[in-house]
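> Fold the stuff below for me.
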Amino acid sequence: MKKAAAWKLFVVMAVCTVYFIAFSHLGTFAYDVLAPDDGRLGPGTAVGPVSLSGMTPERARQAVVERVNEWRATASISLQYQEKRIDLPADAFAFRLAESTKRFVDGRRTPLFVIADLEKCLQAAASIVPPAALSALDIKKLGADLEGQAAQLQKPSSPIDLARYISFANGRQPVVSEAAASVPDSSAVRWLSGERRAVIKAKQLFSFGDYMKKVKADLSDEAADAIASAVYRAVLATNFTVVERYTSRMLPDGVTPGFEAAISGGRDLEWFNPNTTDYTLLLRHDGRKVRVAIIGLPFAYQYIIRLGEAESIEPRVIVRYDARLAPGEKRTEQIGRPGLVVTVEREVRDGARFVRKETVSEDFYPPTYTIHVRGLEVPESNVGQSGDGEGGTMEPANGVTENNGAANQPNSTAKNSGGNIESGTASKKGDEASNGESAPAAGSEEKTDAGGGEEK
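Purely as a prediction, here's the structure:
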């Protein structure tokens, strides 16, 4: 009995299950057959980014046209090459609306067909890309990416970088800047027996001093500074930004004023590459000079370096008096060297059009003083006094006096140890010391400035 009851229960449950499943399917089928079809599109139907769910085909076509017209009126696609940027005109894109809305696939997304006018795209690119790089522009690849952007009916978050579409044959990029320097040092010839290359990464700082340490350049300080100066001169003719650079107190031989860069003694030459592409720094020796070249994509602008008129600073004249010299005796202890001030400017041009001018640096090299040493002169009024060994003290007529032979002057109260006290001019431009200088009297402690002299 129990077994029969269980079978009856199973049969009832099975019949009910089949009934409900069949009813649900048959009911849906009956509704589809008997209910009137208004042609509305089902969920998930779309053309490109335009959702058409619940719309009639006619309304769907209208919605696509409205969305495209809205994008044309408000959005734009920008092209950029380094510092230059341009917006593509709206008529550079042709939307094939009839083909895109000819047939909707219910519940599925179909593409929005767009064709980019390659000629107009090339014209826009030519306005910001230099001719040397325009011939290497892959316009077909650019057009395909532009069509993909336009088909989304959205404004790109950033301009399209044209540098990504420039590719030179065999990967050989042109030289965009170069410089040369004479380095009469065998260490430089040995180190540059083969080409040296360094990559200047995009959007990064490059330290030439760190590079020289990394490659363990075995160079003298003079050779290292001469090579760095040539590198600096090449960098100036680019859009790189120099962030660290040092000069010496004296302009090295063979270096043009305004183009010196010293890296010896822990100093550095560092610059920033603002571009979206890498550049290569090439160093080589051609048998006579060190050649520096920067290789990469041509720059959007031309950078012309102009040196201002160098202003010479005449050295000061310092006069020292030394009691160890005979009266009237003179000698030159140091020959002076003029100083120098020079301004470096960078002129930015777009072909024949002037863009801007910027001051790069103002280099100052201080002058080296001229030092004259003279003997003490005894005034005639003190000559021929009685020989009792008690000669009177002598006052300095003008100038700064130093008594280096004080042993024969017992009445002197000055503590003389053989040091020199200098007297010179105070003029910034190094005016000659006053002609009114006269030797101080021996044994005097008084100090009189002969013209603004400095004590050394």
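
> Which segments of the chain make up each domain?
Following automatic domain parsing, one gets these domains for the chain: 46-169, 175-300, 314-341+367-377+394-456.

> Any chance of TSV for the ones you listed, columns distance to residue 351, mean pLDDT and mean neighbour count?
All C-beta spots, glycine's among them, are computed from the backbone N, C-alpha and C. Converted to TSV, those look like this (distance: least, CB to CB, whole Å; pLDDT from 0 to 100; neighbours: other CB atoms under 10 Å):
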stretch	distance to residue 351	mean pLDDT	mean neighbour count
domain 46-169	9	91	16
domain 175-300	11	95	18
domain 314-341+367-377+394-456	33	58	17
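
> And those: which comes nearest residue 357?
In this view, these are compared for proximity to residue 357 by CB to CB, and domain 175-300 is the closest at 13.5 Å.

> end to end, how far does the closest one reach?
For domain 175-300, the first-to-last residue distance is 14 Å (CA to CA, to the nearest Å).

> quick one: residue 162 and residue 126 touch, right?
No. With contacts counted by CB atoms under 8 Å, residue 162 stays clear of residue 126, the gap being 10.5 Å.

> Can you lay out the domains of the chain as a markdown table showing distance to residue 8?
As requested, the domains of the chain are exported to a markdown table (distance: least, CB to CB, whole Å):
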| stretch | distance to residue 8 |
| --- | --- |
| domain 46-169 | 45 |
| domain 175-300 | 80 |
| domain 314-341+367-377+394-456 | 115 |
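
> who's in contact with the one residue sitting closest to the centre of the chain?
By CA atoms, centre = their mean, the mean C-alpha position of the chain lies nearest to residue 241, the distance being 1.9 Å. Contact analysis of residue 241 by CB atoms under 8 Å, 6 or more residues apart in numbering lists 271, 272, 274.

> In strands, which of those residues appear?
Counting by DSSP state E, the contacts of residue 241 place 271, 272 in strands.

> Is residue 281 located within a helix, as I assumed?
No. Counting by DSSP: H, G, I helix; E, B strand; the rest coil, one finds residue 281 to be strand, located in no helix.

> The nearest residue to it once chain neighbours are set aside in helix, strand or coil?
Sequence neighbours aside, residue 198 is the residue nearest to residue 281 in space, at 4.4 Å (criterion: CB to CB, 6 or more residues apart in numbering). Assigned by three-state DSSP, the conformation of residue 198 is strand.

> Residue 198: what's it in contact with?
Residues counted as contacts of residue 198 (CB under 8 Å, 6+ apart) are 206, 211, 280, 281, 283.

> Repeat that for residue 127.
For residue 127, the set of contacting residues under the criterion of CB under 8 Å, 6+ apart consists of 84, 86.

> what's the closest non-adjacent residue to residue 366?
Spatial nearest neighbour of residue 366, excluding adjacent residues (CB to CB, 6+ apart): residue 339 at 5.0 Å.

> State the phi and psi torsions of that neighbour.
Summarising the backbone geometry of residue 339 under the convention degrees, to the nearest 10, its torsions are phi -90, psi 180.

> Run through the bridge partners of it.
residue 313 (DSSP bridges).

> That one against residue 369, yeah?
No. In terms of CB under 8 Å, residue 339 does not count as a neighbour of residue 369; the distance is 10.3 Å.

> Now do the helices in this structure.
2-34, 57-74, 97-100, 118-126, 131-134, 139-151, 186-191, 208-214, 221-236 (DSSP state H).

> Could you dump those into CSV with distance to residue 307 added?
CSV is the format used below for those (distance: least, CB to CB, whole Å):
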stretch, distance to residue 307
helix 2-34, 87
helix 57-74, 50
helix 97-100, 61
helix 118-126, 34
helix 131-134, 27
helix 139-151, 41
helix 186-191, 25
helix 208-214, 22
helix 221-236, 11
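
> Tell me which of these lies nearest to residue 297.
Nearest of the helices of the chain to residue 297, taken as CB to CB: helix 131-134 at 5.8 Å.

> So which of the contacts of residue 241 is the closest to residue 108?
Distances from these to residue 108 were compared by CB to CB; the smallest belongs to residue 274, at 45.8 Å.

> between the domains of the chain, which one is nearest to residue 16?
Ranking the domains of the chain by their distance to residue 16 (criterion: CB to CB) puts domain 46-169 first, at 32.9 Å.

> Now do residue 187 against residue 217, distance only.
Plainly put, residue 187 is 9 Å away from residue 217 if you go by CB to CB, to the nearest Å.

> Residue 373 is nearest to which of the helices of the chain?
Ranking the helices of the chain by proximity to residue 373 (CB to CB) places helix 221-236 first, at 31.2 Å.

> angle of the closest one against strand 196-200?
Using axes from the mean of the first three to the mean of the last three CA atoms, to 10 degrees, the inter-axis angle of helix 221-236 relative to strand 196-200 is 40 degrees.

> what's helix 221-236 packed up against?
The contact analysis (3 or more CB pairs under 8 Å, 6 or more residues apart in numbering; DSSP states H and E) places helix 221-236 against strand 175-181, helix 186-191, helix 208-214, strand 241-244, strand 279-285, strand 290-295, strand 302-307.

> and the fifth one, which strands flank it?
Strand 279-285 sits in its sheet next to strand 196-200 (antiparallel), strand 290-295 (antiparallel), going by DSSP bridges.

> re earlier: now for residue 339 and residue 369: what residues contact both?
Taking CB under 8 Å, 6+ apart as the contact criterion, the residues that touch both residue 339 and residue 369 are residue 315.

> tell me which of the contacts of residue 241 is nearest to residue 202?
Compare each of these with residue 202 using CB to CB and the shortest gap goes to residue 274, at 8.6 Å.

> now that closest one: how far from residue 205?
Distance of residue 274 to residue 205, given as CB to CB: 11 Å.

> do the same with residue 233
Plainly put, residue 233 is 19 Å away from residue 205 if you go by CB to CB.

> And for residue 218?
Using CB to CB, residue 218 is found at 25 Å from residue 205.
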